[in-house]
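>>> A structural model of the following input is requested.
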Amino acid sequence: MSSRSTTVEVGARITGGTTRAVTGVARSLLTKLVLLVAVFAAVPVVLYDQFRDAYYENQALIEKSVSQQGQLVTRALVPVLADLANDEISPGAFDHALSRLSGNNMMVRVLFRPNALSSANDFYFVAASPSMTDTQLAGLRQDLVRQNILSRLAPSCDKSYDEVTRYNTAEGTDEIITSMGAVNSHAGCWVVIASLPETVADGGLLDVPYWMRPETRSAALIYVAMAVVTLSLLIDVWSNLRRFGRLAHRVQRIGTSRHTPPSFAALNQVPELGRVAAEFDKMVAKLRNSARSLRRAAEDNTHALKTPIAVIRHSLEPVAASVPREHERGRGALSRIDNALDRLDGLVSAARRIDESGAQLINPPRNRINLAQLVESLTAGHAAVAGRRGIRLNLQIRTEVTVLGGRSLLETVLENLLENAIGFAPPGGFINVVLREVPGKRAELIVEDNGPGVADKDLSEVFKRYYTKREGEHAESPTGGHQGIGLWVVRRNIEAIGGAARAEHRQGGGLRIVLNLPLAPRDHTEQ
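Down below sits the predicted model:
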């Protein structure tokens, strides 16, 4: 392959990986949740200024309308006041004109200040419509003075005040002054104040801050409710999926123990995910049944194949006895048949281990196993085979190391490790078995020999199925010859219970296999 094509291929892989990463982020539920929160946070900021401007424009129109209404009343009273000042109409006719102009909830008050006086305190009520008692008029006058309403007119009383404003009455109610006009005469200054009850002007909400208006608060409540419902929906789905993930981990940890497996349907809190939870439960049940079927098939097949091998081996005994020792050809044939039977027996055992490994990978057991006792027991069983070849088994075992797994699964692992080490250790060599706890709630099991080891490039290959490149295997191997699946089964079994396996060079020559296994909790009850 040319360097250019290699570059293109690498670039394509990088591009493909980047595309998958971007697609994964875009489809992530958490990403969408974050985007939704950002949208809900941005919408009020974007729309607030527009709605506020529209509100103020509406307020300005209302104020203008109210002010013009008051100005019309004031201007209509100007000629009447002139006639009253010139004694051209009677007070009764003035009161009638005043009551006629103050309809539609409009309140009109007329005050007078003689020319000899100039302060706001010098204004006196002349008339009011609707009519008021003297006490009410006195209180109203004090309110207008106290709140600097009258002082807004120029001392010369030659200016009208047409800005809409609110003031509080002695009774504790609010009124909206729509117009306050001044009329000068030869006797003094007349002031006409036109006002509306606060409850009439814009429903009593004139000058109320935008955010305090009922429609604004109602819209805010609806928006918040919509945001809460939407976000809670996504959070519920996300939380439920996380619960499913934790439950799947529990199902894996329980494995084939006697504990009843937890149910996805019972844990589900989102009705729409009920069918998904039920399907998960069915899948777990099928996986458990598949694992049981694989184990039964492995046992049945092994029994069916081992029986003919035993019959053939048993039948060869009289044949071997009848062949003279000097008959080299016959003896050679018998030896080859015997070796072939050993190899066939080893292949049957290897096939069973593969099937059992597959079952354990589907539904691994999670029982509490005293690994120290198991290691001591199995090394004692292999000591005789190792001793015949002069191989020393050195144990460095911590007495209390308890892991989560399955006894038969771990027995298979240890048997494969010991058989592999014995098969490659030279006569007079040694095998070290170390068991200890390491930080992170893990146990570490090391099996090493001083055999030929493997090349650097093959360290990562020894756990592959049918790997047989290691030199130095001896005929006295307990399996009758390596099939290249022992270490593959070791890694599969260890990974099935949440552990890990790696191969290293032993200092001084040889191969070291290091297994990392999960420790059982200290308060875990015996299973």
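
>>> ok, Y467 - contacts?
D458, E461, G484, L487, W488 (C-beta atoms under 8 Å, 6 or more residues apart in numbering). C-betas here are computed from N, CA, C, even on glycine.

>>> what strand or helix carries it?
Y467 is located outside every helix and strand, with elements delineated by DSSP states H and E.

>>> model confidence score at it, please.
On pLDDT, Y467 comes in at 70.

>>> do the same with the one 3 residues further on
At R470 the predicted local distance difference test score is 51.

>>> which among the contacts of Y467 count as buried?
Listed as buried from those are L487, W488; burial here means 16 or more other C-beta atoms under 10 Å.

>>> would you check the contacts of Y467 and say which has the weakest pLDDT?
Comparing the contacts of Y467 by pLDDT, G484 comes last, at 64.

>>> picking that back up, among the contacts of Y467, which are in helices?
In this view, the contacts of Y467 that belong to helices under DSSP state H are L487, W488.

>>> could I get the contacts of Y467 as a markdown table with distance to L341?
Converted to a markdown table, the contacts of Y467 look like this (distance: C-beta to C-beta, whole Å):
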| residue | distance to L341 |
| --- | --- |
| D458 | 31 |
| E461 | 30 |
| G484 | 19 |
| L487 | 25 |
| W488 | 24 |
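
>>> over to L435. Which of the three states is it?
strand (DSSP: H, G, I helix; E, B strand; the rest coil).

>>> all helices of the chain, in order?
According to DSSP H, the helices that the chain contains are 3-27, 29-85, 91-101, 134-146, 214-254, 264-267, 274-322, 328-362, 371-388, 407-424, 486-496.

>>> how far away is the nearest residue to L378 once chain neighbours are set aside from W190?
Of all residues not flanking L378 in the chain, L414 sits nearest, at 4.7 Å (C-beta to C-beta, 6 or more residues apart in numbering). According to C-beta to C-beta, to the nearest Å, L414 stands 115 Å off from W190.

>>> distance between stretch 119-129 and the chain's centre?
71 Å (C-alpha atoms, centre = their mean, to the nearest Å).

>>> pLDDT on that stretch, on average?
Mean predicted lDDT for stretch 119-129 stands at 81.

>>> can you list the buried residues in that stretch?
A120, D122, F123, F125, V126, A127, A128, S129.

>>> OK, contacts around the nearest residue to the second one once chain neighbours are set aside?
Leaving aside its chain neighbours, D122 sits nearest to R113 (4.9 Å; criterion: C-beta to C-beta, 6+ apart). The contact partners of R113, by C-beta under 8 Å, 6+ apart, come to D122, F123, Y124, C157, G188, C189, V191.

>>> tell me the pLDDT at S5?
Model confidence at S5 (pLDDT) stands at 50.

>>> Q396 too?
For Q396, pLDDT reads 90.

>>> before we move on, back to that, cross the buried residues of stretch 119-129 against strands and list the overlap.
F125, V126, A127, A128, S129 (DSSP state E).

>>> and the gap between the residue lying closest to T399 once chain neighbours are set aside and S131?
Leaving out its chain neighbours, the residue that sits closest to T399 by C-beta to C-beta, 6+ apart is A372, at 5.5 Å. Taking C-beta to C-beta as the measure, A372 falls 107 Å from S131.

>>> and if you look at E328?
Taking C-beta to C-beta, one finds E328 at 147 Å from S131.

>>> same question, V284
Counting by C-beta to C-beta - V284 and S131 are separated by 88 Å.

>>> neighbour count winner among these two?
Neighbour totals were compared for V284 and S131, and V284 leads with 19 against 11 (other C-beta atoms under 10 Å).

>>> what number of residues lie near E57?
Residues near E57, counting by other C-beta under 10 Å: 10.

>>> typo on my end, it should be E448
25.

>>> bridging residues for the residue nearest to it when sequence neighbours are not counted?
Distances taken as C-beta to C-beta, 6+ apart put R512 closest to E448, at 3.9 Å, once the chain neighbours are dropped. Judged by DSSP bridges, the bridge partners of R512 are E448, E504.
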